[in-house]
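**Student:** this is a predicted model, with the sequence first.
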Amino acid sequence: MKGATQQGEYAKVLLAAGSHRAMEELLSLLNWEELGFQICGTAENGRDAWTIFTRQLPDLVITDTQLPLLDGLTLVSQIRQKAPDLPVLLLTDQAEFETARRAIALNVSGYLLRSELSAANLGQWLLSMRGKLRRRSSVTRLYRRNCLESFLCGPQDPVRAEALAQELSAIPASCWGMLLVGEAQNMHPFTPWNQGDVSGSHNYLRQQICTPAVLERLRREYQCEIVAIPCQNTSVLILVCFAHSLSVRSSQHSAIRRVAEVIWDSCDDNGRRPTVLYREDVFAEVPQIYTTYLSLIQHYRYTIFGASGQMINLLALDQLAEGRAELAQPDPGRGLPEIEEDQLLAFLDRECSALSRSRSLTQLEVFLQTVGQLLDSFMQHEMCAPSDAETLRLRVGECTGIAELRETLGSFVQNVCRGEESDCSLRIRKVIQFIYQNYMLDISVQDAAARVGLNAEYLNKIFKREMGVGFSRYLTAYRMKVAKDLLSSGECRIGEVAELVGYKSSQYFSVAFRQEVGESPTAFLKRQ
């Protein structure tokens, strides 16, 4: 059956025969995989068959009635306790009323005499079972997901709890574990979490997780099945159903982590991996499914403090609860720093270091609000355009860790303060425009600093760094340029020119002119 081979959707078969010869006959009778079946185990006694069943969880069983150590009917009886509806074909050497009666009572799917065993008879039964298995598997998985989702949305409803318990008992499972898989947590505004907020729609992550290859590997290597439902938009909640008991805590942790690794590996998107948060211990009561779900959802946000894109044990995040962190409460007295590069960078270093230590979501919220106020201040002082501020907001929202947040904000501050993307920064261009518009007045660096929201000393420092000269020297040079133009026009006397370029004393103007131009205003006039 080529379709089954291409999709990896084989039905798993357990074969139990009373002798080696009988087993060889069964195996050689058909090309099992061409029909869409895969032999997951063979046993020549009932005890081994039961062990294989509990480990492999086959889709159907074919067994002799006469088996050493544990007879076939007793084996089927034990199977029915774990899987009431599992298809079972009984093979017997002779038709006996009592055997047939017990087979009917055990709800077996078929009853075949050894003398009638042939490729045609066995193949016909298998194909009929294959169609039923496909339909039942698809409907069962959907119903199982719906039961889990319904329970999580209404955990106090006894009807929902009972429906989920009955459905999970048919898997079968001895205990459960739980994982939450999601895209790397980012800084986007925190979405209020509503209890029982489970989305029933399909999503990309779930599609990656629930491939036939992943499901088969989990069943074969770890004897477990999963129920995966989308929740919290792009996240996937996974209930792991283990067929065998995990009584020792170390084995619980190991088993859950191995399943988490399989899931994490299956979600490789061009080198990008999701975050997998798991609880290391297992449980066996339906109410614990809901409490574990709550714990995973509420803690997932904390993965932004250094665990995004990784596998992380819930206990590693458990101590990050805000109420237990001494540094969780923000200091309202800090306020915004002045708009100076050194102070801004020091502020970012201090706040991001505090966040890395406290790992407080409340403190992170306050810091992000402060960043928003800082951007508003930048725009108010025309240090950046509104489009630049909006771009930064988007970049901040996409950051997936405190270190990335610090780097993004630091680069923006440096670009704004140093003007790395233009000949001079918007702020310095504003100061130059202030000079052009007010050179005729008695202005100073203090006046310009007030206009752009800086102190005078810092403004003079960055002005000189960008323009090559300090504010006063630049102002004087511009005044002398205007003065030369006025003198060259011949329309103004030297005293009038001095007043027009901001000098109350013509003598002081003459001294400044000589220093800047290299000759007195009178000598300059004579050469015109």
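**Tutor:** That came in fine, so what should we check first?

**Student:** what's the residue minimising distance to the centre of the chain sitting at in phi/psi?
**Tutor:** By CA atoms, centre = their mean, the mean C-alpha position of the chain lies nearest to residue 183, the distance being 2.0 Å. Note on residue 183: backbone dihedrals following degrees, to the nearest 10 are phi -60, psi 160.

**Student:** what's it in contact with, if anything?
**Tutor:** Taking CB atoms under 8 Å, 6 or more residues apart in numbering, we find residue 183 in contact with 205, 234, 235, 274, 275. The C-beta positions use only the backbone N, C-alpha and C, and glycine is treated the same way.

**Student:** next one: residue 380
**Tutor:** Taking CB under 8 Å, 6+ apart, we find residue 380 in contact with residue 453.

**Student:** in the stretch 301-450 of the chain, which spans are strands?
**Tutor:** With strands called from DSSP state E, counting those that start in this stretch, the stretch 301-450 of the chain shows them at 311-313.

**Student:** which of the contacts of residue 183 are buried? Put it as a PyMOL command.
**Tutor:** Once 16 or more other CB atoms under 10 Å is used to decide burial, the buried members of these can be selected in PyMOL as follows:
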select buried, resi 205+235+274+275
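
**Student:** now, the contacts of residue 183 that are in strands?
**Tutor:** 235, 275 (DSSP state E).

**Student:** which of the contacts of residue 183 scores worst on pLDDT?
**Tutor:** Note: of the contacts of residue 183, the lowest pLDDT belongs to residue 234, at 74.

**Student:** just checking, it touches residue 205?
**Tutor:** Yes. At 6.6 Å, residue 234 counts as touching residue 205 under the criterion of CB atoms under 8 Å.

**Student:** overlap of the contact sets of those two?
**Tutor:** 182, 183.

**Student:** for stretch 73-81, output the C-alpha coordinates as PDB.
**Tutor:** Extracted in PDB, the C-alpha atoms of stretch 73-81 (Å, rounded to 0.1, in the frame of the first residue of the first chain):
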ATOM      1  CA  LEU A  73      -8.400 -15.900  25.800                       C
ATOM      2  CA  THR A  74      -6.900 -14.800  29.100                       C
ATOM      3  CA  LEU A  75      -4.500 -12.500  27.200                       C
ATOM      4  CA  VAL A  76      -7.500 -11.000  25.400                       C
ATOM      5  CA  SER A  77      -9.300 -10.500  28.700                       C
ATOM      6  CA  GLN A  78      -6.300  -8.500  30.000                       C
ATOM      7  CA  ILE A  79      -6.100  -6.500  26.800                       C
ATOM      8  CA  ARG A  80      -9.800  -5.600  27.200                       C
ATOM      9  CA  GLN A  81      -9.200  -4.000  30.600                       C
END
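
**Student:** what sits up against that stretch?
**Tutor:** Residues outside stretch 73-81 that contact it (CB under 8 Å, 6+ apart): 16, 46, 49-50, 53, 61, 63, 65, 67, 86, 88, 90, 99, 102-103, 106-108.

**Student:** now with 7 Å?
**Tutor:** Defining contact as CB atoms under 7 Å, 6 or more residues apart in numbering, one finds that stretch 73-81 is touched by 16, 46, 49-50, 53, 61, 63, 65, 67, 86, 88, 102, 106, 108.

**Student:** want to throw those residues into TSV with pLDDT?
**Tutor:** As requested, these are arranged in TSV below (pLDDT from 0 to 100):
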residue	pLDDT
16	89
46	88
49	90
50	90
53	87
61	90
63	88
65	84
67	87
86	81
88	87
102	74
106	77
108	78
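
**Student:** for residue 302, state which of these is nearest.
**Tutor:** residue 53 (41.3 Å; CB to CB).

**Student:** got a list of what the closest one touches?
**Tutor:** Going by CB under 7 Å, 6+ apart, the list of residues near residue 53 reads 14, 61, 79.

**Student:** okay but residue 410 is in contact with residue 345, surely?
**Tutor:** Yes. In terms of CB atoms under 7 Å, residue 410 counts as a neighbour of residue 345; the distance is 6.1 Å.

**Student:** picking that back up, restricted to helices, list the contacts of residue 53.
**Tutor:** When the contacts of residue 53 are checked against helices (DSSP state H), the matches are residue 79.

**Student:** looking at the contacts of residue 53, which one is closest to residue 446?
**Tutor:** Distance ranking of these against residue 446, using CB to CB, places residue 14 first at 89.1 Å.

**Student:** from residue 42, how far off is the nearest residue to the closest one once chain neighbours are set aside?
**Tutor:** Take residue 14 and drop its neighbours on the chain: the residue closest to it by CB to CB, 6 or more residues apart in numbering is residue 58, 4.1 Å away. As judged by CB to CB, to the nearest Å, residue 58 and residue 42 stand 11 Å apart.

**Student:** between those two, which is the more surrounded one?
**Tutor:** Taking neighbours as other CB atoms under 10 Å, residue 58 and residue 42 compare with residue 58 leading, 24 against 18.

**Student:** who does residue 239 bridge with?
**Tutor:** In this structure, residue 239 bridges to residue 178, residue 227 when assessed by DSSP bridges.

**Student:** and for it, the neighbour number?
**Tutor:** Residues near residue 239, counting by other CB under 10 Å, number 23.

**Student:** which parts of stretch 161-179 are buried?
**Tutor:** Those would be 161, 163-164, 167-168, 171-179, for stretch 161-179 by 16+ other CB under 10 Å.

**Student:** can you check stretch 428-437 too?
**Tutor:** Buried positions in stretch 428-437, judged by neighbour count with 16+ other CB under 10 Å: 428, 430, 431, 432, 434, 435.

**Student:** quick check: of those residues, which lies closest to residue 394?
**Tutor:** Distance to residue 394 across the buried residues of stretch 428-437 (CB to CB) is lowest for residue 430, with 25.4 Å.

**Student:** surely the residue nearest to residue 14 and residue 40 touch.
**Tutor:** Yes. The pair residue 58 / residue 40 is scored as a contact, 5.3 Å apart, by CB under 7 Å.

**Student:** find residues that contact each of the two.
**Tutor:** Taking CB under 7 Å, 6+ apart as the criterion, residue 58 and residue 40 both touch 12, 13, 14.

**Student:** using JSON lines, lay out the residues you listed together with pLDDT, neighbour count and distance to residue 312.
**Tutor:** Shown next, in JSON lines, are these (pLDDT from 0 to 100; neighbours: other CB atoms under 10 Å; distance: CB to CB, whole Å):
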{"residue": "12", "pLDDT": "84", "neighbour count": "19", "distance to residue 312": "33"}
{"residue": "13", "pLDDT": "88", "neighbour count": "24", "distance to residue 312": "39"}
{"residue": "14", "pLDDT": "90", "neighbour count": "25", "distance to residue 312": "37"}
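
**Student:** and residue 280, how far from residue 316?
**Tutor:** Using CB to CB, residue 280 is found at 9 Å from residue 316.

**Student:** who has more neighbours, the two?
**Tutor:** Between residue 280 and residue 316, counted using other CB under 10 Å, residue 280 has the larger neighbour count: 18 against 14.

**Student:** which SSE is the nearest residue to the more buried one once chain neighbours are set aside in?
**Tutor:** Leaving out its chain neighbours, the residue that sits closest to residue 280 by CB to CB, 6+ apart is residue 253, at 4.2 Å. Element membership for residue 253 (DSSP states H and E) is helix 249-266.

**Student:** residues of that helix that come out buried?
**Tutor:** For helix 249-266, a neighbour-count test (16+ other CB under 10 Å) marks 252, 253, 255, 256, 257, 259, 260, 262, 263, 264, 266 as buried.

**Student:** tell me what that helix is packed against?
**Tutor:** The helices and strands touching helix 249-266, judged by 3 or more CB pairs under 7 Å, 6 or more residues apart in numbering; DSSP states H and E, are strand 175-182, helix 204-209, helix 212-222, strand 235-242, strand 275-278, strand 311-313.
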